[in-house]
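In: Structure here, sequence nowhere to be found:
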């Protein structure tokens with residue numbers, strides 16, 4: 001048996017392109033899909049994957065699987081291992097998992113290889129015809145010898161200090177994103193994809209701004225395949241975030257709320273931490289975990305509310321936020337001087353952000369809406385004059 005490396009173009013199934021496959025009638029949908037994929041000819045092949053099978057995972061995951069399978073193929077070739085029978089497949093995978101472990105890899109690397117093989121060969125897996133018992137036992141042993149670790153949450157004073165420094169560096173967009181990731185428990189990619197229209201303004205019945213995530217109109221579902229997820233921007237630490245995002249939106253050209261790439265945001269976040277003098281270096285994804293930890297410790301939200309806001313399906317994903325000691329240990333690790341600076345930065349964050357936007361420190365919601373409309377009108381007039 002060879003290691004199956006799919007060749008289908010992943011890009012045709014990614015992101016907003018999914019809208020190309022929708023339509024109001026069966027004929028329209030058929031026409032659109034045939035243009036991309038051609039007419040379907042049943043082959044009964046066990047090696048070739050169909051369009052729907054390829055679409056079962058996201059393009060980034062498919063890329064990771066291909067890299068994992070390529071590494072496995074190189075290992076098998078190097079040692080002259082040929083996989084014909086299910087027993088040989090199980091033995092080959094087990095050998096490779098041991099190789100990765102002794103080479104210093106993390107358990108996540110082993111899990112990726114196993115998942116990639118099961119995806120490429122659906123006859124294999126825990127509930128399939130060939131369950132790979134040795135490979136599963138090897139992964140269990142790996143988890144006991146070197147269990148995966150969870151990065152500690154970033155204390156709120158450190159988040160506020162990093163955002164404050166970003167504003168000082170004239171990187172307001174990155175500062176807004178850092179605070180938004182913390183407040184809304186967002187994955188970095190979710191925040192960067194937000195269109196302007198999915199920041200919803202307050203209404204007569206709700207005084208808070210809201211976010212609409214993974215709008216069905218955009219055609220990009222969440223990590224678990226859901227559309228139209230929503231949340232209120234009702235943080236007790238930064239109740240002003242919604243109005244600042246509205247003013248930021250009014251000053252932007254185009255349809256996207258943010259224009260930074262993930263790489264740019266990561267680099268700017270790292271630079272701000274270094275300039276702020278933080279002892280640890282936090283990654284963007286830690287903000288998604290830092291917000292829930294802070295909210296639970298401060299009594300702002302219950303674990304049930306955190307689970308709903310973070311859109312976690314399993315209770316086990318939320319229970320980690322019960323540990324107050326982890327965030328407290330990080331505060332001690334950063335030291336009292338950093339924490340004091342962070343608390344002061346949190347108090348001053350709204351003022352410096354408003355100043356960077358060219359606004360006075362105190363702006364009421366009513367004034368904000370009128371100024372947002374005026375700014376949007378002015379931008380439209382300028383665009384027409386340039387045209």
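Out: The structure has been received and is ready for your questions. Everything numeric in this text was worked out from a predicted model, so none of it was measured.
In: Specify the local secondary structure of residue 231.
Out: Of the three states, residue 231 takes strand under DSSP: H, G, I helix; E, B strand; the rest coil.
In: Tell me how many other residues surround it.
Out: 18 (other CB atoms under 10 Å). C-betas here are computed from N, CA, C, even on glycine.
In: contacting residues for it?
Out: Residues in contact with residue 231 (CB atoms under 8 Å, 6 or more residues apart in numbering) are 184, 210, 211, 213, 309.
In: switch the cut-off to 6 Å
Out: 184, 211, 309 (CB atoms under 6 Å, 6 or more residues apart in numbering).
In: These in helices, which ones?
Out: Of the contacts of residue 231, the ones assigned to helices by DSSP state H are 184, 309.
In: Going by distance to residue 140, which of the contacts of residue 231 wins?
Out: Residue 140 lies nearest to residue 309 out of those, by CB to CB, at 33.1 Å.
In: could you pull out the strands for this protein?
Out: Using DSSP state E, the strands of the chain run over 199-200, 210-213, 229-232.
In: Check the offset of the second one from the chain's centre.
Out: Spelled out, it's strand 210-213. 15 Å (CA atoms, centre = their mean, to the nearest Å).
In: Can you tell me what sits against that strand?
Out: Strand 210-213 has contacts (CB under 6 Å, 6+ apart) with 198, 200, 229, 230, 231, 232.
In: Could I get the full set of helices for the stretch 201-350 of the chain?
Out: Secondary structure of the stretch 201-350 of the chain, counting by DSSP state H, counting those that start in this stretch: helices at 241-250, 262-276, 285-297, 303-310, 324-334, 336-356.
In: closest one to residue 318 among the ones you listed?
Out: helix 303-310 (4.5 Å).
In: Taking their axis directions, the closest one and helix 285-297 sit at what angle?
Out: For helix 303-310 against helix 285-297, the angle by axes from the mean of the first three to the mean of the last three CA atoms, to 10 degrees is 150 degrees.
In: Any buried residues in helix 303-310, and which?
Out: Buried residues in helix 303-310, defined by neighbour count with 16 or more other CB atoms under 10 Å: 306, 307, 309, 310.
In: which of those sit farthest apart?
Out: Taking CB to CB, no two of the buried residues of helix 303-310 sit farther apart than 307 and 309, at 7.5 Å.
In: can you tell me how far residue 344 sits from residue 337?
Out: Between residue 344 and residue 337 the computed distance is 11 Å (CB to CB, to the nearest Å).
In: out of these two, which sits in the more crowded spot?
Out: Per other CB under 10 Å, whichever of residue 344 and residue 337 has more neighbours is residue 344, with 14 against 9.
In: would you turn the helices of the stretch 201-350 of the chain into CSV with mean pLDDT?
Out: Shown next, in CSV, are the helices of the stretch 201-350 of the chain (pLDDT from 0 to 100):
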stretch, mean pLDDT
helix 241-250, 95
helix 262-276, 96
helix 285-297, 91
helix 303-310, 90
helix 324-334, 89
helix 336-356, 96
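In: Between these, which one is closest to residue 105.
Out: helix 285-297 (19.7 Å).
In: quick check: angle from that closest one to helix 324-334?
Out: Helix 285-297 runs at 120 degrees relative to helix 324-334, counting by the same axes, to 10 degrees.
In: re the thing from before, residue 131: which of the strands of the chain is closest?
Out: strand 229-232 (34.9 Å).
In: Could you pull up the mean pLDDT of the closest one?
Out: Average pLDDT, strand 229-232: 88.
In: buried stuff in it?
Out: 229, 231, 232.
In: Show me the contact partners of stretch 182-200.
Out: 159, 177, 180-181, 210, 212, 215, 231, 235, 238, 241, 245, 249, 255-258, 262, 284, 287-288, 290-292, 309-310.
In: For ChimeraX, what selects the buried ones among those residues?
Out: Only the buried entries of the contacts of stretch 182-200 go into this ChimeraX selection, using 16+ other CB under 10 Å:
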select :159,177,180,181,210,212,215,231,235,238,241,245,249,257,258,284,287,288,290,291,292,309,310
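In: quick one, which of the helices of the stretch 201-350 of the chain is nearest to residue 134?
Out: Closest approach to residue 134 among these is made by helix 285-297 (32.8 Å; CB to CB).
In: Please name every helix or strand in contact with the closest one.
Out: helix 172-184 (3 or more CB pairs under 6 Å, 6 or more residues apart in numbering; DSSP states H and E).
In: what is the orientation angle of the helix it packs on with helix 262-276?
Out: 90 degrees.
In: Off-centre distance for helix 172-184?
Out: Per CA atoms, centre = their mean, the centroid offset for helix 172-184 relative to its chain is 13 Å.
In: Next, the buried residues of that helix.
Out: 172-184.
In: By neighbour count, which bits of stretch 120-133 are buried? Give me those.
Out: Across stretch 120-133, burial judged by 16+ other CB under 10 Å covers 120, 121, 124, 125, 132.
In: pLDDT of it, averaged?
Out: What stretch 120-133 shows for mean pLDDT is 92.
In: Tell me the spacing between the residue nearest to the spatial centre of the chain and residue 287.
Out: Closest to where the C-alpha atoms of the chain average out (CA atoms, centre = their mean) is residue 187, at 2.9 Å. Noted for residue 187: a distance of 10 Å to residue 287, by CB to CB.
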